[in-house]
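1. build me a model:
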Amino acid sequence: MRRSVMSKGAALLAATTALGLAAAPAFAAPPDYSAIAQATGTAVSVTLAGSGTDSDAYTSRIDYTGTRDNTGSNRPLVTALGGQDFLSAGTLAQDATTAVRNGVGTSAACAGLAGDGATLVSAGDGTCLRGGETLSLGVGSLDFSKLTVVQSGLFQGVDSQIETALAPYQKQLTQALSDGLTQVVDALGDPALHLDLGAVQSHCTADGRTVSGASNLANVGAWVNIPTVGRVDLVKLPVNPAPNTHVVTDLSGVVDALAKPLKQNLGSTLPNALDNIPGLGDALAPLLSPADSGFTQLTRTLEQNVLDQLSSQLAPLQDNLLDITLNKQQRGAGSIKVTALDLAVLPVARQFVDGDALHLTVGTSSCGPNRAVSARPTTPQTAKPAARAPEHVPTVVTAGYADASDADSPMTAGRAALFGLLVLVAGGAGLTAYRRARR
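-> Below you'll find the model as predicted:
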């Protein structure tokens, strides 16, 4: 008999414990009120001398109620890039869209820049732009006036006796060569640095499981216009670049364009300098025998030394004039950000660039993170609960409370107190039965 009562008491205590656990989901974390899906498109961002402006991103978000919130403009004008005159023509495109499909948030975005006459396409169709003329943007000019002839190393490779004879005239000879270099640089002027842009754009998509993105560039390249030579291409960019493609500028054409007229100039400058510097001819005469061959060899050596000096001075320009990344992609947990073109005129090259350093990004699209739809509450998180009439305290707990985590049957403060009371009463009853059985 005692064991039976003890068993019944234990069973009652277990039942009340189970009942309390059944109500526990009502105390779980509230539903997630953040965006189900989000996407952003930014056509252009320009920074000049540390002062930046952009086309004001267009963003789309959709929340747990299915309400879509769009901010910014998906039909921006170039005039939106106020406060700068670097970019004054062309068609800007930026668009984004979000939706919920099969209970999962999805998003798509596209952005870019094209020449006048381009046709805009909505996000979700892949690219944002079709057609359009090619824009040619001036991103600076190369200033070669800072190139100099350096005395040290000027006589490298010259016969030691000739070098000794030349030493007293080194300053005069260096000045004569510098004058010849100045004539060449003046003839070249300030070669303009240009950037050609056809249609440059990116696009992305994302859902709760996968993300993807790509970039397309049509008729894009960088080049220099040298007055005495013409157009010299620095780089021709691919149409469909792989993710994070870094482009190295090829300045060999510019170096050749500079070296050719300089070499021609030195061909006349050096003989004139050697002939016109008082006392130099007499110092060299005993050492240059036969005179013609010795003089020619000396001229070629000095000429090559000057060209080597200028090549070393141009090396930073060759390596650091432009820093270009195509189809730049940054991936996170369920998100992706794609920039079609990221270009910078680097500070290292500013000694050769007339104007402020430039940083330009074209076509930045962002998608995600997105997520699945959770249970929708009947009352927004920020709303105050409506006043409720006094509830009749039930004497029997129905099985419906096992679903208290459902958004349509929230666990109110009154119900929570009721459950707690029932658990305490039932637990006390079980304990009392147990004590009686022990007597």
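2. where along the stretch 151-300 of the chain do the helices fall?
-> Applying DSSP state H, counting those that start in this stretch to the stretch 151-300 of the chain gives helices spanning 160-166, 170-188, 252-276, 280-284, 291-320.
3. and the longest one, what's buried?
-> Residues of helix 291-320 classed as buried under the neighbour-count rule (16 or more other C-beta atoms under 10 Å) are 294-295, 298-299, 301-303, 305-307, 309-310, 313-314, 317-318, 320. C-beta here means a position set from N, CA and C on the backbone, and glycine is covered the same way.
4. try the first one
-> Judged by neighbour count using 16+ other C-beta under 10 Å, the buried positions of helix 160-166 are 162, 165, 166.
5. of all the residues you listed, which comes closest to residue 177?
-> Minimum distance to residue 177 across those is 12.3 Å, recorded for residue 166 (C-beta to C-beta).
6. ok, that closest one touching residue 160?
-> No: the criterion here is C-beta atoms under 8 Å, and residue 166 misses it with residue 160 at 10.7 Å.
7. how near is residue 239 to residue 130?
-> Note on residue 239: its distance to residue 130, by C-beta to C-beta, to the nearest Å, is 14 Å.
8. and the two? Which one has more around it.
-> residue 130 (15 against 12; other C-beta atoms under 10 Å).
9. that one against residue 199, yeah?
-> Yes: using C-beta under 8 Å, residue 130 is in contact with residue 199, at 7.4 Å.
10. quickly list what's touching both of those two.
-> Common neighbours of residue 130 and residue 199 are listed as residue 118 (criterion: C-beta atoms under 8 Å, 6 or more residues apart in numbering).
11. export the helices of the stretch 151-300 of the chain to JSON lines and tack on distance to residue 195?
-> Below are the helices of the stretch 151-300 of the chain laid out as JSON lines (distance: least, C-beta to C-beta, whole Å):
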{"stretch": "helix 160-166", "distance to residue 195": "46"}
{"stretch": "helix 170-188", "distance to residue 195": "20"}
{"stretch": "helix 252-276", "distance to residue 195": "15"}
{"stretch": "helix 280-284", "distance to residue 195": "48"}
{"stretch": "helix 291-320", "distance to residue 195": "16"}
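12. quick one: which of those is nearest residue 146?
-> Of all those, it is helix 291-320 that lies closest to residue 146, at 8.1 Å by C-beta to C-beta.
13. between the closest one and helix 252-276, how big is the angle?
-> Counting by axes from the mean of the first three to the mean of the last three C-alpha atoms, to 10 degrees, helix 291-320 points 150 degrees away from the direction of helix 252-276.
14. helix or strand next in line after helix 291-320, which one?
-> strand 322-332 (DSSP states H and E).
15. quick check: the gap between the closest residue to residue 151 other than its chain neighbours and residue 180.
-> Excluding the flanking residues, the one nearest residue 151 by C-beta to C-beta, 6 or more residues apart in numbering is residue 174, at 4.9 Å. Using C-beta to C-beta, residue 174 is found at 11 Å from residue 180.
16. and the contacts of stretch 179-189?
-> Contacts for stretch 179-189 (C-beta under 8 Å, 6+ apart): 144-145, 147-149, 226-228, 257-258, 261-262, 265-266, 268-270, 306, 310.
17. hmm, which of these are the buried ones?
-> 144, 147, 149, 226, 257-258, 261-262, 265-266, 269-270, 306, 310.
18. biggest separation within the residues you listed, which pair?
-> Using C-beta to C-beta, the pair of those lying farthest apart is 226 and 270, separated by 23.8 Å.
19. and what about residue 145, helix, strand or coil?
-> Three-state call for residue 145 (DSSP: H, G, I helix; E, B strand; the rest coil): helix.
20. tell me the bridge partners for the nearest residue to residue 36 once chain neighbours are set aside.
-> Leaving aside its chain neighbours, residue 36 sits nearest to residue 105 (3.6 Å; criterion: C-beta to C-beta, 6+ apart). Beta-bridge partners for residue 105, by DSSP bridges, are residue 100.
21. count the neighbours of residue 105 for me.
-> A count of nearby residues for residue 105, using other C-beta under 10 Å, gives 27.
22. from here on, count from 30
-> Done: numbering now begins at 30, and the last item shifts to residue 134.
23. distance of it from residue 63?
-> Going from residue 134 to residue 63 by C-beta to C-beta gives 10 Å.
24. for residue 236, same thing?
-> 16 Å.
25. show the pLDDT at residue 52.
-> Note for residue 52: predicted pLDDT of 46.
26. now do residue 88
-> 97.
27. same check, this time on the one 5 residues further on
-> Among the per-residue scores, residue 93 holds a pLDDT of 82.
28. I'd guess it is in a helix, am I close?
-> No: secondary structure of residue 93 (three-state DSSP): coil, not part of a helix.
29. next, count neighbours for it.
-> 20.
30. who's in contact with residue 91?
-> 64, 65, 66, 67, 97, 98, 127, 128, 129, 134.
31. lowest-confidence entry in these?
-> The minimum pLDDT among these falls on residue 64, with 84.
32. isn't it up against residue 94?
-> No: Residue 64 is beyond contact range of residue 94, at 11.2 Å (criterion: C-beta under 8 Å).
33. of those two, who's got more company?
-> With neighbours defined as other C-beta under 10 Å, residue 64 and residue 94 compare such that residue 64 has more, 21 against 12.
34. ok, residue 247 - contacts?
-> When contacts are counted by C-beta under 8 Å, 6+ apart, residue 247 touches 227, 228, 229, 268.
35. nope, residue 224 is what I meant
-> With contact set as C-beta under 8 Å, 6+ apart, residue 224 has these partners: 165, 166, 168, 249, 250, 251, 372, 389.
36. quick one: which of those has the most company?
-> If you count neighbours using other C-beta under 10 Å, the busiest of the contacts of residue 224 is residue 249, which has 26 neighbours.
37. phi, psi of it?
-> When read as degrees, to the nearest 10, the backbone of residue 249 gives phi -110, psi 130.
38. residues touching it, list them.
-> Contact analysis of residue 249 by C-beta under 8 Å, 6+ apart lists 224, 225, 226, 227, 229, 265, 266, 370.
39. same check on residue 136?
-> Neighbouring residues of residue 136 by C-beta under 8 Å, 6+ apart: 66-68, 89, 125-128, 234-236, 396-397, 399.
40. next one: residue 388
-> 75, 76, 81, 372, 373, 374.
41. any low-confidence regions in the stretch 280-429 of the chain?
-> Counting by pLDDT under 70, the low-confidence segments of the stretch 280-429 of the chain come to 318-324, 376-380, 383-385, 404-429.
42. list buried members of the contacts of residue 249 by neighbour count.
-> Among those, those classed as buried by 16+ other C-beta under 10 Å are 224, 225, 226, 227, 229, 266, 370.
43. hang on, the third one packs against residue 164?
-> Yes: using C-beta under 8 Å, residue 226 makes contact with residue 164 at a distance of 4.5 Å.
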